[in-house]
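>>> mind folding the following:
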Amino acid sequence: MCAVIYTEDLTKTYGKARGIRDVNLTVEEGEVFGFLGPNGAGKTTAIRVLMNFLRPTSGRAEVFGRDTVKHSVEIRSAVGNLPGEFALEDKMTGERLLKFFARLRGVKDLGYARELAGRLGADLTRPMRRLSRGNKQKIGLIQAMFHRPPLLILDEPTGGLDPLVQEEFLRIIGEVRGEGRTVFFSSHVLSEVERVCDRVGIIREGELVDVEPTDNLVNKSFRHVRLVFEKPVDPGPFRALNGVENLCAEGPELRFTLYDDLDRMVKLAAQHRLVNMEYERPSLEEIFLTYYGASEEEDRDG
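Okay, the predicted model is just below:
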């Protein structure tokens, strides 16, 4: 496989904003790559530099082997981009917008655009000013995807979408991968990253701190456990278990974080009459804080 996205010591600094520093990244052809980090980590800055909406301070980036500064026009013609923040002409309908983009891109058939609209439940007949944020997001996704570009760069693509539409979007991304095309997207949602991403890059305070297979990230997912018994139980044996931290006992209820030893915890709980059990995975933000030391004082950059 060849690199679709390649960066070498890519750096962008501006004003007091953090930007990105010395980012070295390779995204291979045909993979779905998740670009993850807490708010303010530098995700949006990196995407804007890849699209040459921002010029790098130092280092370089290539898309399809072409320098993003010298060949930005050629690159953009082969990329479907959904920015994290975008504005649409208020009076224009989705249909007119897609026809406009089709002319720019030399696309003569809007059949796939209409198929996407149907699958995502997008209304192409109403002016943009009358659409909710979620419906505008659907139009934004369609304009990024309908010309079947070899690379999709999507900044928080599921923001504002309801769960059923998110599910359909993930199916579409799976189809894109099946066609051998490449997807690079930022996300805050662990479940969607787990579903579709082959690898993930973790960015923290502007620096790429790790790139790893998605399974490795998921395996770091400790769980929040809540046990409710018929009557109060001694919390001591639970507190003594390997992997149990931050245990709190309130009457018949125990709450704690579990890092491992699920089998022993379940067997111990089964020694009492259990009336309820909740077992939840953490958010991506909690994983960042636990494993990557994310600062809580980050500038909000995306």
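
>>> ok, now how distant is the residue nearest to residue 223 when sequence neighbours are not counted from residue 115?
Distance criterion CB to CB, 6 or more residues apart in numbering; nearest residue to residue 223, sequence neighbours excluded, is residue 258 at 4.9 Å. In short, each C-beta sits where N, CA and C put it, glycine included. Here the criterion is CB to CB, to the nearest Å. By it, residue 258 lies 44 Å from residue 115.

>>> ok, these two, which is more surrounded?
residue 258 (20 against 13; other CB atoms under 10 Å).

>>> ramachandran coordinates for the more buried one?
Dihedral angles of residue 258 (phi, psi; degrees, to the nearest 10) stand at phi -120, psi 120.

>>> okay, and the beta partners of it?
Bridge pairing for residue 258 (DSSP bridges) gives the partners residue 223, residue 244.

>>> for residue 177, which residues are in contact?
Residue 177 is in contact with 30-32, 183, 196, 198, counting by CB atoms under 8 Å, 6 or more residues apart in numbering.

>>> so it sits in a helix?
Yes - under DSSP: H, G, I helix; E, B strand; the rest coil, residue 177 falls within a helix.

>>> for the stretch 101-250 of the chain, just list every one of the strands.
Using DSSP state E, counting those that start in this stretch, the strands found in the stretch 101-250 of the chain span residues 151-155, 182-187, 199-204, 207-213, 223-229, 244-250.

>>> between those strands, which gets nearest to residue 282?
strand 223-229 (6.7 Å; CB to CB).

>>> neighbouring contacts of the closest one?
Counting by CB under 8 Å, 6+ apart, 252-258, 262, 265, 269, 272-282 sit against strand 223-229.

>>> just to revisit the earlier point, most surrounded residue in the contacts of residue 177?
Result: residue 183 is most packed of the contacts of residue 177 (other CB under 10 Å), 26 neighbours.

>>> tell me where the chain has helices.
43-50, 72-77, 94-105, 111-120, 133-145, 163-178, 190-196, 214-219, 236-239, 262-269, 284-287 (DSSP state H).

>>> mind giving me the packing neighbours of the first one?
When you say that, I think you mean helix 43-50. Helices and strands touching helix 43-50, by 3 or more CB pairs under 8 Å, 6 or more residues apart in numbering; DSSP states H and E, are strand 3-14, strand 17-28, strand 32-36, strand 58-63, strand 151-155, strand 182-187.

>>> now do the fourth one
Helices and strands touching helix 111-120, by 3+ CB pairs under 8 Å, 6+ apart, are helix 94-105, helix 133-145, helix 163-178.

>>> hang on, the earlier thing: any chance of the helices of the chain in a markdown table, with distance to residue 156 too?
Output for the helices of the chain, formatted as a markdown table (distance: least, CB to CB, whole Å):
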| stretch | distance to residue 156 |
| --- | --- |
| helix 43-50 | 8 |
| helix 72-77 | 20 |
| helix 94-105 | 20 |
| helix 111-120 | 16 |
| helix 133-145 | 9 |
| helix 163-178 | 12 |
| helix 190-196 | 11 |
| helix 214-219 | 18 |
| helix 236-239 | 38 |
| helix 262-269 | 32 |
| helix 284-287 | 12 |
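
>>> can you tell me which of the ones you listed is most buried?
helix 43-50 (a mean of 25; mean count of other CB atoms under 10 Å).

>>> and the angle for that one with strand 17-28?
Angle of helix 43-50 versus strand 17-28, following axes from the mean of the first three to the mean of the last three CA atoms, to 10 degrees, is 60 degrees.
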